[in-house]
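Asks: After the sequence you'll find the predicted model.
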Amino acid sequence: MILTRKIRLYPTPEQEAIMWASSNILNFAYNCALEHRLILWKHRKFPSAYDQNKEITQIKKLLPELTEVDSQSLKAAVFSLEEGFRSWNTKRKNGDTSARPPRFRSKYKYFTHELTQGILIKDNKIRFNLGRKLSAESPMLRLAESPPENYRSVYISKNQEGWFASFYVQKEEIPFVDNGKVLAADMGIKQFMAARSNEGRVFMSGSISKMTKHYDRKLDKIRSKRDLKKKNSTRYKRLTETYRRVSQKKQNKVQDFLHKLSHKLANKFVENTIVCGDLNPSKWKKSKNKKLNRSVQNNWVVSRFYGMMEYKCKLYGKRFVKINEAYTSKTCSSCGLIHDMPLWRRQMECSCGFSEDRDVNSAINILKRFYAQHGPALAAA
């Protein structure tokens, strides 16, 4: 398994200018390759990344500025474009009519550099080669902490907070050994997760909506102020930068919550089989409830959380299973009677006398459905 460790990078202003210059060259190469593909696509011709990389040598003779970055970075830019086209074609084949081809990159967006050679790390400092501009004789860049050993490659990236170096490290997976303990979890909006084990233990997590409410109010206020300014004016640009900075803080807060919760489930809990509902939040965007739409589109991060759970369960020797959770919130887990459960009803109260929290009741139904579908067969696998 390949894991990533992201470490803050502190370049000097001169180094920062050099990296931006290299990024602009890669953006230019990416946009040229994209334009070439779109032109050929209209004539029903589909060049591959290997075909376009073969033409780089001839293009360098016409555009000498491309020689300022190393050839590996140029090839990586073309391969990233091909990944975008593959994703677009996959969505089209699956019937997604809203899918669009990759867009042209702006010069204001930093192009992530992939480094596989020419890297020197010493005393929490790194030196790498981006071509002729940032060569092996350049000053070393300071890292915020010690990098991991035996890394495979390094990616240099930038966001609203600063510069980062991501180290790709190979980790061994722990084989799964079933201990007979299962934890079923239901994902919600008021509470991000409500879980119940097969031994009756109940676990309730916090709410992302409550956590991000402060940032949502700030973002709404900044956006309303920016809409009153003339586009591309000094105040408009200043408010745009403020909006991006607050949005990045919100994203970091959510990312930290997801990592801590997934680590607790995969590493701290005794249950080594975790079952969650296979949700499709894209269907919820058609709701007439505006608050629900905002929670789903802005704060609904179940897919990201599931991705964390999948690789962390493999890392710690546990098993992560997704099953269909249709009608689990509306069905009484005691007698099986289906109720009308609008979102404002947070308590399942059945005529059989059963009363339980809505999300906990759903988790019990997910646990029962897991045993009904995969019980003995999956336990023996």
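Replies: Structure's in. What do you need? Bear in mind that the values here come from a model prediction, so they are computed numbers and not experimental data. Numbers count the residues shown, from 1 in each chain.

Asks: Tell me which helix or strand the spatially most central residue of the chain sits in.
Replies: For the chain, Arg304 is the residue whose C-alpha lies nearest the centre (Cα atoms, centre = their mean; 5.3 Å). Arg304 is part of helix 302-315, with elements assigned from DSSP states H and E.

Asks: Nearest residue to the residue nearest to the centre of the chain in space, ignoring adjacent ones along the chain?
Replies: What sits nearest to Arg304 in space, not counting adjacent residues and going by Cβ to Cβ, 6 or more residues apart in numbering, is Leu258, at 6.2 Å. Backbone N, C-alpha and C define where each C-beta goes, glycine included.

Asks: same deal with Ile174?
Replies: Nearest to Ile174 is Gly317, by Cβ to Cβ, 6+ apart, at 3.3 Å.

Asks: Can you tell me the number of residues neighbouring that neighbour?
Replies: Neighbours of Gly317 under the rule other Cβ atoms under 10 Å: 14.

Asks: which ones are touching Phe176?
Replies: Shown in contact with Phe176 (Cβ atoms under 8 Å, 6 or more residues apart in numbering): Asn272, Gly317, Lys318, Arg319.

Asks: The last one and Lys221, how far apart?
Replies: Going back to what we said before, that points to Arg319. Arg319 sits 45 Å away from Lys221, going by Cβ to Cβ, to the nearest Å.

Asks: Could you do Ile7 as well?
Replies: Remark: distance between Ile7 and Lys221 (Cβ to Cβ) = 33 Å.

Asks: For the two, indicate the residue with more neighbours.
Replies: More neighbours surround Ile7 than the other of Ile7 and Lys221, with 18 against 12 (other Cβ under 10 Å).

Asks: returning to what we had before: buried among the contacts of Phe176? Need that as a selection in PyMOL.
Replies: To isolate the buried members of the contacts of Phe176 in PyMOL, using 16 or more other Cβ atoms under 10 Å:
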select buried, resi 272+318+319
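
Asks: Just the ones of the contacts of Phe176 in strands?
Replies: Judged by DSSP state E, the subset of the contacts of Phe176 located in strands is Arg319.

Asks: Pick out whichever of the contacts of Phe176 sits closest to Arg37.
Replies: Using Cβ to Cβ, Arg319 comes nearest to Arg37 of the contacts of Phe176, at 41.5 Å.

Asks: which ones are touching the closest one?
Replies: Phe176, Asp178, Asn272, Thr273, Ile274, Cys313.

Asks: Looking at strand pairing, list the partners for it.
Replies: On the basis of DSSP bridges, Arg319 is bridged to Thr273.

Asks: Next one, pLDDT for the closest residue to Asn179 other than its chain neighbours please.
Replies: Nearest residue to Asn179, sequence neighbours excluded (Cβ to Cβ, 6+ apart): Asn272, at 5.3 Å. The model reports Asn272 with a pLDDT of 90.

Asks: swap in Ser287?
Replies: Looking at Ser287, its pLDDT stands at 57.

Asks: out of the contacts of Arg319, who's nearest His263?
Replies: Lowest distance from His263 to those (Cβ to Cβ) belongs to Cys313, with 10.9 Å.

Asks: residues touching that closest one, list them.
Replies: Counting by Cβ under 8 Å, 6+ apart, Cys313 has contacts Ala266, Ile274, Arg319, Phe320.

Asks: and the residue nearest to Asn179, what is it in contact with?
Replies: Applying Cβ under 8 Å, 6+ apart to Asn272 gives the contacts Phe176, Val177, Asp178, Asn179, Lys181, Gly317, Lys318, Arg319.
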